[in-house]
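**Q** Below: sequence and its predicted model.
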Number of protein chains: 2
Amino acid sequence: MKKHNFSAGPSILPQEVFEKAAQAVLDFNGMGLSILEISHRSKEFIAVMEEARALVKKLMKLGDDYEVLFLQGGASLQFVMAPFNLMKEGGKAAYLDSGSWAAAAIKEGKKFGTVDVVGSSKEEKYSFIPKDYTVGTEYDFFHCTSNNTIYGTQMKEFPKTEAPIVCDMSSDIFSREIDFSQFGIIYAGAQKNMGPSGATLVVVKKDILGKTGRNIPSYLDYSLHISKDSMFNTPPVFAVYCSLLTLQWIENNGGLAAAEARNNAKAKLLYDEIDNNPLFECFSVPEDRGTMNVSFYLTDESKKEAFDAAWKAAGISGLNGHRSLGGYRASIYNAMPIESVQVLVDVMKSL
Amino acid sequence: MKKHNFSAGPSILPQEVFEKAAQAVLDFNGMGLSILEISHRSKEFIAVMEEARALVKKLMKLGDDYEVLFLQGGASLQFVMAPFNLMKEGGKAAYLDSGSWAAAAIKEGKKFGTVDVVGSSKEEKYSFIPKDYTVGTEYDFFHCTSNNTIYGTQMKEFPKTEAPIVCDMSSDIFSREIDFSQFGIIYAGAQKNMGPSGATLVVVKKDILGKTGRNIPSYLDYSLHISKDSMFNTPPVFAVYCSLLTLQWIENNGGLAAAEARNNAKAKLLYDEIDNNPLFECFSVPEDRGTMNVSFYLTDESKKEAFDAAWKAAGISGLNGHRSLGGYRASIYNAMPIESVQVLVDVMKSL
């Protein structure tokens, strides 16, 4: 029986992506070869890479001043690459500390220059998005995390600033309409809304590069990857192909506007139950709740055994909260059907 | 019809790997979930990662002084990570320049300190392995490439030196028995003999780390990956799983001794034809020819059209030489059956 997969990442993808991907592992496009054994320089794979890159720009409504890369190493390597490419020697960057992953990015940024943390909710267990800060012109860039996977908080607005905004969108990429042209760099590990683990999406506004004077190691250099059309070295072929399949699914189902509407409906269904059921409470403040990860806890711990047994019996998996926070986390990414959310809500009601 | 895939990488893997991998994309181990959507922290994936790491050490006959990592970014990122982790500030390293990829590693090494190229065959189009050099104790490490994919040359011996030997084995990993304990670091992009693109194997002798005084960015720090059992961040789950399947196939077919015997037989079949057929010539000198990539050319260019038509008609793919060298390259990695090599030899005979 297919499970209702609420895992935070790697996480659910559309069923048709699994089916097409499995077929490609046996025979890709009738080539008589598996997608796992074809050259990345074959015309068949170059077409995959180019369609994926173009579709990202189309979904984001971005123009030719942006380039799209599919790299490796996850957001953790972007924590390194972003400052390596943007922070001048002796430079200064502003970071927003909205969660554990934001804090991990800050730790790496400090290896390249001065980091000013312009807002933090750490002392309140990251239960809200810090606001009321400004980012001045003295910064080489401003770094933020659009969605905090562990806590379920999501930025609804981004600051107006002259500094390039670098945004880690790993856990809410392609989940909603945003003016993506306000960002200098957008990056995201594929393994939530875009594909399997092993590919990292990076969207770069070209004119912010080449200003640091640093001698950047080749793999870490955005400009080099751009000059090679995201084929500087062997890309993660299968992960890029699955990402393309997922991007096509998003596009064929109405693009980001329709995805946002579906995600809002799923999130409302679950938050309404939490707000109306005295047995459950959210970790985060209502105004900063996001639509991707719903982190909550039982108000009566004596119900834990019964609740855990009930959701497992209903075919739900991946509902445990992050080890640093405890409780529960329902990740309801793009590919999660509202029917699965209803199954969870029904279990919560039955308690 | 299944092709005879002579591609240099990504490249042929055992057919049973494709079949098991395709099944896992639909349902992994009867979990009711695709391998693409399971958490990397699930006990099922941790078992995959731990078995893969253990099997690498078993095949290499290495002890507990070594650690095995599955990272991302390919050999190109190892060109950066190796010097970042091993070269002292103001330090010096020795590199062997045996091919284009070796030269690419040298370029990155120079960004971290002084690089002495102790031997080079560049002026002779990398047609042989440089020999008659020594590596003194003044070096933080010695870097070499065990097999040069483009030219088909392979190191049969490695220098005796006090300096840790860092070896790029991307294109001949697990192809033969070697005393692997002579190396400080072994790394390899998976996409030749081990799995699909997207995973990078790194084998590290622990006692060579932690001596540079550098503040290494987290993702680039071998020690950090070791301390997290190769799970510092989300690993490339599917690529690691396919690597495990391939490692199991190697183990179940007699380990490295049997792989070496099969590879020697395939290489002999093809080199004998090249040596006996006046229409073909190897790019590299006989004593440095390897068993993985056979790079050759037509002595009579007027036969090109006929030869290209004949091998394509025989169901062969991926035989074109690297764009920098021209001619042909038959990559006959572990998973290539001798029957496919025979098909190529028959085409060559028929010309």
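**A** Right, received. Where do you want to start?

**Q** what ranges do the strands span in chain A?
**A** Secondary structure of chain A (DSSP state E): strands located at A:4-5, A:66-71, A:92-97, A:114-120, A:142-145, A:147-148, A:153-154, A:165-168, A:185-189, A:200-205, A:280-282, A:293-298, A:316-317, A:328-331.

**Q** near chain B, which residues of the stretch 201-350 of chain A?
**A** A:215, A:217-220, A:232-239, A:242, A:315, A:317-318 (Cβ under 8 Å from any Cβ of the partner chain). Placement of C-beta: from N, CA and C, glycine included.

**Q** among these, which ones are buried?
**A** Using 16 or more other Cβ atoms under 10 Å in any protein chain shown as the burial test, those include A:217-220, A:232-239, A:242, A:317-318 as buried.

**Q** Nearest to chain B: which residue in the stretch 251-351 of chain A?
**A** A:Gly318 (6.3 Å; Cβ to the nearest Cβ).

**Q** and the closest residue to that residue other than its chain neighbours, how many neighbours?
**A** Distance criterion Cβ to Cβ, 6 or more residues apart in numbering or on different chains; nearest residue to A:Gly318, sequence neighbours excluded, is A:Ser7 at 3.1 Å. Close neighbours of A:Ser7, defined as other Cβ atoms under 10 Å in any protein chain shown, add up to 25.

**Q** ok, now A:Thr212?
**A** 18.

**Q** Could you chop chain A up by domain?
**A** Using automatic domain parsing, the domain parsing of chain A gives A:15-252, A:255-350.

**Q** show me what contacts A:Val240?
**A** By Cβ atoms under 8 Å, 6 or more residues apart in numbering or on different chains, the contact list for A:Val240 reads A:48-49, A:52, A:70, A:195, A:199.

**Q** so what's the closest residue to it other than its chain neighbours bridging to?
**A** Of all residues not flanking A:Val240 in the chain, A:Phe70 sits nearest, at 4.9 Å (Cβ to Cβ, 6+ apart). A:Phe70 has these beta-bridge partners by DSSP bridges: A:Leu201.

**Q** Show the contacting residues for A:Phe70.
**A** A:49, A:52-53, A:199-202, A:230, A:235-236, A:239-240, A:243.

**Q** how many neighbours does the residue nearest to A:Glu260 when sequence neighbours are not counted have?
**A** Among residues not flanking A:Glu260 along the chain, A:Arg176 sits closest, at 4.1 Å (Cβ to Cβ, 6+ apart). By the criterion of other Cβ under 10 Å, A:Arg176 has 21 neighbours.

**Q** Need the phi and psi values for A:Arg176.
**A** phi -160, psi 160 (degrees, to the nearest 10).

**Q** still on that earlier bit, give me the subset of the contacts of A:Val240 lying in helices.
**A** A:48-49, A:52 (DSSP state H).

**Q** quick one: contacts for the residue nearest to A:Gly318?
**A** A:317-318, A:331, B:37-39.

**Q** and of those residues, the nearest to B:Ala188?
**A** Ranked by distance to B:Ala188 (Cβ to Cβ), these are led by B:Ile38 at 25.5 Å.

**Q** Relative to A:Ser331, how far out is the closest residue to that closest one other than its chain neighbours?
**A** Distance criterion Cβ to Cβ, 6+ apart; nearest residue to B:Ile38, sequence neighbours excluded, is B:Phe45 at 5.8 Å. Between B:Phe45 and A:Ser331 the distance is 17 Å, computed by Cβ to Cβ, to the nearest Å.

**Q** Repeat that for A:Ala239.
**A** Taking Cβ to Cβ as the measure, A:Ala239 falls 19 Å from A:Ser331.

**Q** what does A:His40 give?
**A** 31 Å.

**Q** go on, A:Ser317?
**A** In terms of Cβ to Cβ, A:Ser317 sits 11 Å off from A:Ser331.

**Q** Could you name every residue contacting both of the two?
**A** A:6-7.

**Q** re the thing from before, identify, out of the strands of chain A, the most deeply packed stretch.
**A** Stretch with highest mean neighbour count among the strands of chain A: strand A:147-148 (a mean of 29; mean count of other Cβ atoms under 10 Å in any protein chain shown).

**Q** Run me through the strand neighbours of that one, direction for each.
**A** strand A:153-154 (antiparallel).

**Q** Please compute how far the strand it pairs with lies from its chain's middle.
**A** From the chain centre to the centre of strand A:153-154 is a distance of 12 Å (Cα atoms, centre = their mean, to the nearest Å).

**Q** Please enumerate residues in contact with it?
**A** Contacts of strand A:153-154 (Cβ under 8 Å, 6+ apart): A:98-99, A:126-129, A:146-148, A:172, A:284-285, A:288-292.

**Q** Rounded mean pLDDT for stretch A:121-138, please.
**A** Averaged over stretch A:121-138, pLDDT sits at 97.

**Q** Quick one: end-to-end distance for it.
**A** Terminal residues of stretch A:121-138 lie 23 Å apart, using Cα to Cα, to the nearest Å.

**Q** Name the residues that touch that stretch?
**A** Here stretch A:121-138 has contacts from A:92, A:94, A:96-100, A:103, A:118-120, A:142, A:148, A:150-151, A:153-156, A:159, A:161-163, A:283-285, A:287-288, A:325, using Cβ under 8 Å, 6+ apart.

**Q** now do stretch A:264-284
**A** With Cβ under 8 Å, 6+ apart, stretch A:264-284 has contacts from A:125-128, A:151-153, A:289-291, A:294-300, A:303, A:325, A:327, A:330, A:332, A:336, A:338, A:341-342, A:344-345, A:348-349, A:351.

**Q** can you check stretch A:241-253 too?
**A** Counting by Cβ under 8 Å, 6+ apart, A:13-14, A:16-17, A:20-21, A:24, A:35, A:45, A:48, A:51-52, A:55-56, A:58-59, A:70, A:174, A:190, A:193-196, A:199, A:201, A:256, A:259, A:334-335, B:36 sit against stretch A:241-253.

**Q** switch to 7 Å and redo it
**A** A:13-14, A:16-17, A:20-21, A:24, A:35, A:48, A:51-52, A:55-56, A:59, A:70, A:174, A:190, A:194-196, A:199, A:259, A:334, B:36 (Cβ atoms under 7 Å, 6 or more residues apart in numbering or on different chains).
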